[in-house]
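K.L.:
from the sequence below, what's the structure:
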Amino acid sequence: MPWFHDPLDFLGSIEQMERESQSLDRLIQDDETAELFRLAREPTATGPIELPWLDVDRAFFVAVAQYAGDDTAIALDYRTSSADPRVVASDVWTSSAPYAWRTVAETFSEFVAELRLDRADDEPAAGGRLSVDNAGQAPANTRRNESDEEGFAVYRRRR
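P.N.:
From the prediction side, this is the model:
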């Protein structure tokens, strides 16, 4: 993600993903905040919700800003597929709007392959989080773990 300037932490457990994703429900409650962060919900939208907006009912955070206040994230966007969702990320650097959501990968599978998480060592990232540098590269000793798949399955059942 060449537009990213802030470091991210991938969430390493279902609980972390659910906790961080619940923030979308809080942010959407305030109209000004929802407008700023380009968040929408189907029942209140005037039409289909498309990028650069994020549909809070069809998104699930998998990575968040390493530093509080950076307000950046990566989310699975289930508007395109429930089995292999698109991956989107926030953009506060290159968009003409104060905030926008952009496609990182057309599918989660493509995203995993691009970060080489499917070929990494069997040791999980320290602390259950995977840090990604500004170039979008995961450290060589990190991998996608089984809890990721469990988390996505839980999300699909929840929604």
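K.L.:
state the distance from the residue lying farthest from the centre of the chain to Glu114.
P.N.:
Among residues of the chain, the one most distant from the C-alpha centroid is Thr46; the distance is 24.4 Å, by Cα atoms, centre = their mean. Counting by Cβ to Cβ, to the nearest Å, the gap from Thr46 to Glu114 is 34 Å. Yep, even glycine has a C-beta here, placed from its N, CA and C like the rest.
K.L.:
circling back to that earlier point, where's the residue farthest from the centre of the chain, which helix or strand?
P.N.:
No secondary structure element spans Thr46, as it lies outside all helices and strands (assigned by DSSP states H and E).
K.L.:
how much space between it and Ala40?
P.N.:
Using Cβ to Cβ, Thr46 is found at 9 Å from Ala40.
K.L.:
extract the residue ranges of this protein that are flagged as low pLDDT.
P.N.:
1, 44-45, 118-159 (pLDDT under 70).
K.L.:
who's in contact with the residue nearest the centre of it?
P.N.:
Here the mean C-alpha position of the chain is nearest to the C-alpha of Ala75 (Cα atoms, centre = their mean), at a distance of 1.7 Å. Listed by Cβ atoms under 8 Å, 6 or more residues apart in numbering, the contact set of Ala75 reads Ser21, Leu54, Ala59, Phe60, Phe61, Val62, Val87, Val88, Ala89, Trp101.
K.L.:
isn't the last one right up against Asp91?
P.N.:
Meaning Trp101. Yes. In this structure, Trp101 is within contact of Asp91 by Cβ atoms under 8 Å, at 7.1 Å.
K.L.:
return every residue with contacts to both of those two.
P.N.:
Taking Cβ under 8 Å, 6+ apart as the contact criterion, the residues that touch both Trp101 and Asp91 are Pro52.
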